[in-house]
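Chemist: Got a predicted structure here, sequence first:
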Amino acid sequence: MADRERYILGIESSCDDTAVALVAADGSVKAALTQSQTRIHAEWGGVFPELASRAHAAEIIPTIRQTLALADIDRSAIRAIAVTRGPGLIGPLMVGVNSAAGLGLAWDKPVIGVNHLRGHLRSAALEGGDVPFPALVLLVSGGHTMLAHMRSASDISILGASRDDSVGEAYDKVARMLGLGFPGGPAIDKLAKLGTPDIVFPRPMLKDGLEFSFSGLKAAVARLVQEQPDIDPPTVAASFVAAVLDVLAVKCARALETVDAAALVVVGGVAASPQVRQRMAEVCDAAGVTLALPPLKWATDNGAMIALAGWDYLALGALPDLRPATRLSIQDF
Ligand code: KG4
Ligand code: ZN
């Protein structure tokens, strides 16, 4: 059977989404489902690991079953099972890895442990997305913020990362300060559109290098909200977003001057932000490179990106390491 007609079953459970997808080698998505735990964690203002593990355990088999039913394919069309083995929360990871291992045994299929970050890196190539190499990648998620140089799907080097908070974390914390729900990113986006960026917040580490820091910006917002409880929330949100966008734009433009890149690829949950997408388009126009973005639904955590990364691992003959790992570098398999 040609790889065009075969699928990898991708399973993602590293944080608060139970996600499953069937993806062909060319990145086309046959079926995908995500069971979000947003409502479970909302009252805690962040992901509660024990509740996340329990929800994954309850949802993972029904989600796999429903995805298979949607795809309506014969079991022989499944080439392998790819599952996130890290980084992430240990309980949630163990649910995914053990479910995948069990299925692999029952179906006699190979099981590939995938680095979640490598999944995000490949998300822009899903469903016909064109990602020319070499590429500069900006990964902006809830857990990570970094710039990387990607010479191919597997040859990756880190150019700079955040020394403290990730961009997604900053969005979530600022949302909490403003009394918005969890996750904070989409709520901040919406509120920012209603305000003007009149407050000048710090733009940490803007002047040099490719590293990031967002804790100072977060602290500045916290101080202001504490000192002026009546301050206009849309103005705070718009000003916070303006500071983040300036930092991301300057760092990406600087990186594009220093490395050989045909494209800028922006991935991770924060790449779902319309403001981020717009500003990155401007950076690419100015630098004369292509902008590659994942379709909105593949920007946040999903099973499709894990399945596509699984195809890379198969092509490389990378050893299927199934040990869950809470911490992994983007260079790890
Ligand atoms: O990649 P992701 O789904 O999970 C991790 O691997 O961390 O990213 C989640 C992060 C959260 O911080 C969330 O607030 C942020 O992505 N996010 C957004 C948007 N949608 C999700 N941030 C800004 N604008 C959005 N529309
Ligand atoms: Zn993620």
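Modeler: Thanks, I have the structure now. Ligands and ions are numbered 1, 2, ... in the order given.
Chemist: Could you list the low-pLDDT ranges of this protein?
Modeler: Where the chain drops to pLDDT under 70, the residues are 3-4.
Chemist: Regarding it, what is its longest helix?
Modeler: Longest helix in the chain by number of residues (criterion: DSSP state H): helix 233-258.
Chemist: residues in the stretch 101-250 of the chain within reach of ligand 2, list them.
Modeler: Ser141 (CB under 5 Å from the ion). Bear in mind the C-beta positions are built from the backbone N, C-alpha and C, glycine included.
Chemist: Which residue is it, in the stretch 101-250 of the chain, that comes closest to ligand 2?
Modeler: Minimum separation of the stretch 101-250 of the chain from ligand 2 (CB to the ion) falls at Ser141, amounting to 4.4 Å.
Chemist: how far away is the closest residue to that residue other than its chain neighbours from Gly142?
Modeler: Residue nearest to Ser141 in three dimensions, not counting chain neighbours: Gly268, with 3.3 Å by CB to CB, 6 or more residues apart in numbering. Taking CB to CB, to the nearest Å as the measure, Gly268 falls 8 Å from Gly142.
Chemist: between those two, what contacts are shared?
Modeler: By CB atoms under 8 Å, 6 or more residues apart in numbering, Gly268 and Gly142 have these common neighbours: Gly168.
Chemist: Which of these two has more residues huddled nearby?
Modeler: Shown here are Gly268 and Gly142; by other CB atoms under 10 Å, Gly268 has more neighbours (28 against 23).
Chemist: That one against Met146, yeah?
Modeler: No. At 9.3 Å, Gly268 does not count as touching Met146 under the criterion of CB atoms under 8 Å.
Chemist: what sits in contact with each of these two?
Modeler: With CB under 8 Å, 6+ apart as the test, Gly268 and Met146 both reach Leu139.
Chemist: contacting residues around stretch 221-234?
Modeler: Contacts of stretch 221-234 (CB under 8 Å, 6+ apart): 173-174, 177-179, 191-195, 199, 201, 236, 240.
Chemist: Same list, those residues, but as CSV with secondary structure and distance to Ile61 please.
Modeler: Shown next, in CSV, are the contacts of stretch 221-234 (DSSP: H, G, I helix; E, B strand; the rest coil; distance: CB to CB, whole Å):
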residue, secondary structure, distance to Ile61
Lys173, helix, 34
Val174, helix, 37
Met177, helix, 38
Leu178, coil, 38
Gly179, coil, 37
Leu191, helix, 38
Ala192, helix, 39
Lys193, coil, 40
Leu194, coil, 42
Gly195, coil, 44
Ile199, coil, 48
Phe201, coil, 46
Val236, helix, 43
Phe240, helix, 40
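Chemist: which of the residues you listed are buried?
Modeler: Lys173, Val174, Met177, Leu178, Leu191, Ala192, Gly195, Ile199, Phe201, Val236, Phe240 (16 or more other CB atoms under 10 Å).
Chemist: Near ligand 1, which residues of the protein? Just list them.
Modeler: The chain has residues 15, 141-143, 168, 171-172, 183-186, 189, 268-270, 272-273, 300-301 near ligand 1, with proximity defined as CB under 6 Å from any ligand atom.
Chemist: Please repeat the previous calculation with a cut-off of 5 Å.
Modeler: 141-143, 168, 171-172, 183-186, 189, 268-270, 272-273, 300-301 (CB under 5 Å from any ligand atom).
Chemist: Mind checking which of those land in helices?
Modeler: Gly168, Tyr171, Asp172, Gly184, Gly185, Pro186, Asp189.
Chemist: Tally up the residues packed near Phe333, please.
Modeler: 18.
Chemist: And for the residue in the stretch 101-250 of the chain that ligand 1 sits nearest to, the neighbour number?
Modeler: With CB to the nearest ligand atom as the measure, Gly185 is the residue of the stretch 101-250 of the chain nearest to ligand 1, at 2.1 Å. When neighbours are counted by other CB under 10 Å, Gly185 registers 25.
Chemist: tell me which element the closest residue to Met280 other than its chain neighbours is part of?
Modeler: Nearest residue to Met280, sequence neighbours excluded (CB to CB, 6+ apart): Val266, at 5.1 Å. Using DSSP states H and E, the element containing Val266 is strand 263-267.
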